[in-house]
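Q: Build me a model:
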Amino acid sequence: MAISPEVPASREFHLTLPGSGDRLLVRHWPGAGDSVLYVHGATFPSALSIGYRFGGRSWADHLNAAGFDVWGFDFIGFGGSSRPPQMSMPASGIAPLGRAAEAAIQVSAVADHIRKARAGAPVHIVAHSWGTMAASRFAADHPDAVGRLVLFGPIVRRELSGLPFPESIGAWREVTIADQLTRFVEDVPTSHPPVLIEPELAEWGPAYLASDAGAAGRNPPAVRIPNGPQADIIAAMSGQLAYDPRRVLAPTLIVRGEWDNLCRDADAAWLTNALGSTKKADVIVPRATHLMHLEHGREGLFAATTGWLSGSSA
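A: I've put the predicted structure just below:
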């Protein structure tokens, strides 16, 4: 894929977590402005989200062009980060791996690394979907470390009944390209043309499989991911959110797609009211879903995010 010569390359390195020895793959797009840390969602890593280029330009590139110092990382069990040994064992009978409490520790490790490199300055955080739970938990526990917060398609608390017990779903699961495509398009009205930039995931799909060295050897090829995020989502939908929104004090933007079935009007209203921040906003991007960073609607997502982080929209 052609990349414009003015688009900077990212730097990748591994950050070892104290105590466990687990290694996080960290990506950095250097910039002179405020630091922004991206926290990915439940099924695909940072290279397939903030770092993925359509037409030679990614979300990270957009933020970097706006002057920000941009960072992303892969949670343990995803992408270029280390895999827990349980991911090589049968999934059943093992608790879901990578719950929000553990993930928030990983966010903290990367944020600490960034702040040490930037003379202790607070870090802005942009998080997607399940990643908003880990990011918000970190923000609640470390209010002085976070500048501004963007919650893109956040998972919030509902009061549904009949869902499985979160601990019962197993340690991990496998996701195919077909699984992802089904999930990506299910909220688009049937009468509307495709909104994905790659309607069949022609390049994104193979790149997703390449994020797991074992994917090609499975039938069908599939990426193995930790089930902790899914367990957290089930818990939230059953009334148990992984963090207390009242303790989130950073100026917070909720940004969501018009067709995002995981963050509806009532969900966003509940979260807006529950957040402890005195500065908060809710932006809806038209003709977009929960995956709008992979859709034509990403320009609206980019604009809303950049405006909030720069302070021009609040």
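Q: In contact with the most centrally placed residue in the chain, which residues?
A: Centrality entry for the chain: nearest residue to the mean C-alpha point is His40, 2.1 Å, by CA atoms, centre = their mean. The contact partners of His40, by CB atoms under 8 Å, 6 or more residues apart in numbering, come to Ser46, Ser49, Ile50, Gly72, Asp74, Phe75, Phe78, His128, Gly131. Placement of C-beta: from N, CA and C, glycine included.
Q: The first one and Gly72 touch, don't they?
A: The reference is to Ser46. Yes: the pair Ser46 / Gly72 is scored as a contact, 3.5 Å apart, by CB atoms under 8 Å.
Q: okay, and the common contacts of the two?
A: What both Ser46 and Gly72 touch, as defined by CB under 8 Å, 6+ apart, is the set Arg27, Tyr38, His40.
Q: how about these in a markdown table, adding distance to Gly120, pLDDT and secondary structure?
A: Below are the shared contacts of Ser46 and Gly72 laid out as a markdown table (distance: CB to CB, whole Å; pLDDT from 0 to 100; DSSP: H, G, I helix; E, B strand; the rest coil):
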| residue | distance to Gly120 | pLDDT | secondary structure |
| --- | --- | --- | --- |
| Arg27 | 22 | 97 | strand |
| Tyr38 | 21 | 98 | strand |
| His40 | 25 | 98 | coil |
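Q: what about the stretch 201-314 of the chain, any weak spots by pLDDT?
A: For the stretch 201-314 of the chain, the stretches flagged by pLDDT under 70 are 312-314.
Q: switch the cut-off to 90
A: Along the stretch 201-314 of the chain, the model assigns pLDDT under 90 to residues 311-314.
Q: what do you get for the stretch 1-150 of the chain?
A: 1-10, 18-21.
Q: Could I get the full set of helices for it?
A: 59-65, 100-117, 131-141 (DSSP state H, counting those that start in this stretch).
Q: So which of those is the most surrounded?
A: Comparing the helices of the stretch 1-150 of the chain by mean neighbour count (mean count of other CB atoms under 10 Å), helix 131-141 comes out on top with a mean of 27.
Q: Pull the residues that contact that helix.
A: Outside helix 131-141, the residues touching it (CB under 8 Å, 6+ apart) are 39-42, 75, 100-101, 103-104, 106-108, 111, 125, 127, 145-146, 149, 151-155, 232, 236, 241-245, 247-250.
Q: of those, buried ones?
A: Among those, those classed as buried by 16 or more other CB atoms under 10 Å are 39-42, 75, 100, 103-104, 106-108, 111, 125, 127, 145-146, 149, 151-155, 232, 236, 241-243, 245, 248-250.
Q: on that earlier part again, which PyMOL command selects the buried ones in the contacts of His40?
A: Per 16+ other CB under 10 Å, the buried members of the contacts of His40 correspond to this PyMOL selection:
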select buried, resi 46+49+50+72+74+75+78+128+131
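Q: tell me, how many neighbours does the nearest residue to Gly33 once chain neighbours are set aside end up with?
A: Nearest residue to Gly33, sequence neighbours excluded (CB to CB, 6 or more residues apart in numbering): Gly67, at 3.8 Å. Around Gly67 there are 13 other residues, counting by other CB atoms under 10 Å.
Q: measure Gly67 to Pro194 for me?
A: From Gly67 over to Pro194 the distance is 33 Å, taken as CB to CB, to the nearest Å.
Q: Equivalent analysis for Ala281, please.
A: Noted for Ala281: a distance of 29 Å to Pro194, by CB to CB.
Q: Just want to know which of those two has more residues nearby.
A: Ala281 (17 against 13).
Q: Are we agreed that Val283 is in a strand?
A: Yes: looking at Val283 with DSSP: H, G, I helix; E, B strand; the rest coil, it is inside a strand.
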